[in-house]
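S.K.: the following block contains a protein sequence and its predicted model.
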Amino acid sequence: MKFNTKAIHGGQENIDPAYNSVMPPIYQTSTFKQDKIGNHPEFEYSRSGNPTRAAFEKSIASLENGTYGLAFGSGLAAIDAVLKLLKPGDEVVCTSDLYGGSYRLFTKIYEDFGIKFRFIDMSEAAKIEQYINEDTKLIWVETPTNPMMNIIDVQAVAGISKSHKILLAVDNTFATPYLQRPLGLGADIVMHSATKYLGGHSDVVMGALVVKEESLAKKLYFIQNASGAVPGPQDCFLALRGVKTLHVRMQRHCENGKSIAHFLKSHANVERVYWPGFDDHPSHQIATKQMTDYGGMVSFTTKKGTMDSAVNVVERLKVFTLAESLGGVESLAGHPATMTHASIPKEEREKTGVVDSLIRLSVGIEDIDDLIADLEQALI
């Protein structure tokens, strides 16, 4: 079954044996009737499992060419579940350029529990080796990175992780399984903030994990149930509704993203544009190898290079909405230094390129002429 068909039908066989509805029903229930003690049905309590949640979990597992899917109340809850596989004294090697919420979770929560994080530049995978020791239990990769659009060679990193028998987890939020499938490149765990492109309509907050290996899935299912950071059935219904149009939305996101990137690159008031589709992007060849297109996320810096110049641009936008998040049908603009990456100390974020003049665009699926006109009037 090819991807476009999987988006609609993947994992959705016999989704409603009671009435044969085309879409999975919203099972808005906390518990399920049991016939007798000791005879446990498939679903008994909605924290442990719910038919609507199961439908979404099967769908995302299918799209990622995985075997087991797990849904969580947010992307950070999904990351939190992965970190609960670790114990005090363990070490994690992770991308230095990553989402501010991930950085906050790593440094403000799990470092206090005795887990050490090494934030490194992974643009050259071979350099990761020097940061691995007997305590390293996890490599955390985000690609494309947020917001600098750096690309990490998942297959090369997977070779390193397997040689050291440590887990490799990949945050696939920006690319989605439409553009990139890390399990096929050797990753052990794929993470999504389903709030973003998977849901696609800015109306749900959810996270997801996908794995292939049964023993790893069992550990994560135990954590999911024991910790209880699960989404409700309404959220799962909305996310699954979004997944069914992922392929058509991503086509337009990519088309519009390309047009916006080229427009910005030629604009006199733009200093630099970050988009992996450019031939001169340092990781363009890796992106071309492991992705089917370059996505709808574009970041750029203003020519003046100041906080005020970036703020003035985003506040003048009319079609692009100044807001947190990304991946919805509507175009969003953000200022990472004061929004998504505000939790990262200024000195640390600037090392990765997240300077005060950086603007991040989540390019939506509106008419491209309207989006370009909006940027044109804002970049005065």
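M.R.: Perfect, thanks for sending it.

S.K.: distance of Val82 from Gly186?
M.R.: 17 Å (CB to CB, to the nearest Å). Placement of C-beta: from N, CA and C, glycine included.

S.K.: which one of the two has more residues nearby?
M.R.: Between Val82 and Gly186, counted using other CB atoms under 10 Å, the more crowded position is Val82 (21 against 17).

S.K.: can you pull out the helices in the stretch 151-300 of the chain?
M.R.: For the stretch 151-300 of the chain, the helices defined by DSSP state H, counting those that start in this stretch cover 154-163, 176-179, 214-227, 233-243, 246-265, 284-290.

S.K.: buried stuff in the first one?
M.R.: For helix 154-163, a neighbour-count test (16 or more other CB atoms under 10 Å) marks 154, 156-161 as buried.

S.K.: of those residues, closest to Glu315?
M.R.: Each of the buried residues of helix 154-163 was scored against Glu315 by CB to CB, and Val154 proved nearest at 37.2 Å.

S.K.: residues contacting Leu72?
M.R.: You called it Leu, but residue 72 is Phe. Phe72 makes contact with 78, 80-81, 206-209, 224, 229-231, according to CB atoms under 8 Å, 6 or more residues apart in numbering.

S.K.: quick revisit: among the helices of the stretch 151-300 of the chain, which is nearest Phe119?
M.R.: Nearest of the helices of the stretch 151-300 of the chain to Phe119, taken as CB to CB: helix 154-163 at 14.9 Å.

S.K.: packing partners of that closest one?
M.R.: Contacting helix 154-163 under the criterion 3 or more CB pairs under 8 Å, 6 or more residues apart in numbering; DSSP states H and E are the following elements: strand 136-142, strand 167-171.

S.K.: deepest in the core, which of these is it.
M.R.: With neighbours taken as mean count of other CB atoms under 10 Å, these reach their highest mean count in strand 167-171, at a mean of 25.

S.K.: quick one: it to chain centroid distance?
M.R.: In terms of CA atoms, centre = their mean, to the nearest Å, the centre of strand 167-171 is found 12 Å from the chain centre.

S.K.: could you give the angle of it to helix 154-163?
M.R.: Orientation of strand 167-171 against helix 154-163 (axes from the mean of the first three to the mean of the last three CA atoms, to 10 degrees) gives an angle of 150 degrees.

S.K.: sheet partners, orientation included, of strand 167-171?
M.R.: Strand pairing for strand 167-171, using DSSP bridges, gives strand 136-142 (parallel), strand 189-193 (parallel).

S.K.: tell me the angle of that strand relative to helix 214-227?
M.R.: Angle, strand 167-171 to helix 214-227, by the same axes, to 10 degrees: 60 degrees.

S.K.: average pLDDT across strand 167-171?
M.R.: Mean pLDDT, computed over strand 167-171, is 98.

S.K.: could I get it in PDB with only the CA atoms?
M.R.: The C-alpha trace of strand 167-171 is given here as PDB (Å, rounded to 0.1, in the frame of the first residue of the first chain):
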ATOM      1  CA  LEU A 167      18.900   3.600  21.400                       C
ATOM      2  CA  LEU A 168      18.400   6.200  18.600                       C
ATOM      3  CA  ALA A 169      15.300   8.400  18.800                       C
ATOM      4  CA  VAL A 170      14.400  10.800  16.000                       C
ATOM      5  CA  ASP A 171      12.000  13.800  16.400                       C
END
